[in-house]
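J.: Give me a model of this one.
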Amino acid sequence: MLADTLIASALEIGGDERLWVPQANGVAFKPLLLNVSQGYFVNLIRARASGVVSRHRHAGPVHGFTLRGRWHYLEHDWVSSAGDYVFEPPGETHTLVVPDDVEEMVTLFHVTSGYTYVDPHGVALGYEDAFTKLEQVTRHYKQVGIGDDYIGKLIR
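T.: Predicted coordinates:
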């Protein structure tokens with residue numbers, strides 16, 4: 001059985017900035033759980049720039065809960081706003097966009113398995129899963145002075 005974990009103030013968006021791992025221009029993530037034994041992760045995604053955040057295809061289902069701002073997928077006619085829940089089925093390719101009038105978007109995502117970043121033609125550009133997220137988190141946290149004890153809390 002896996003041990004319990006508690007991340008205090010997990011949804012605190014304006015807390016310790018070092019906990020946010022840079023991912024792209026204006027985009028960062030805050031890991032809450034990196035479950036390498038079962039192949040999923042839970043994190044907050046924060047975008048402080050409008051436009052395309054990423055185009056990707058999921059290998060497993062994803063659950064999202066929008067906490068702040070709005071976002072949508074170019075491939076769908078809905079917009080997710082603060083308080084909305086989104087389920088994403090595996091196998092779909094979609095392009096996450098933050099509208100121009102949104103200063104900050106924050107969404108909690110529970111990602112099962114991994115996802116492949118693709119270009120507009122579906123050609124693979126990169127891949128992320130619990131293992132690659134762990135590598136990014138470890139590298140960033142060591143650079144900003146967050147120790148292994150905190151990183152260890154995130155791993156299951």
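J.: Can you name the residues in contact with stretch 111-119?
T.: Stretch 111-119 is touched from outside by 39-43, 54-62, 90, 93, 124-130, 132, with contacts defined as CB atoms under 8 Å, 6 or more residues apart in numbering. C-beta coordinates here come from the backbone N, C-alpha and C atoms, glycine included.
J.: need the contact list for the residue most central in space within the chain.
T.: The chain has Ile45 as the residue nearest its centroid, 4.3 Å off, counting by CA atoms, centre = their mean. Contact analysis of Ile45 by CB under 8 Å, 6+ apart lists 23, 27-29, 53, 105-107, 109.
J.: So which of the residues you listed wins on neighbours?
T.: When neighbours are counted by other CB atoms under 10 Å, Met105 leads these with 26 neighbours.
J.: Is it correct that that one is in contact with Gly69?
T.: Yes. If you go by CB atoms under 8 Å, Met105 and Gly69 touch, sitting 3.4 Å apart.
J.: Find residues that contact each of the two.
T.: 47, 98.
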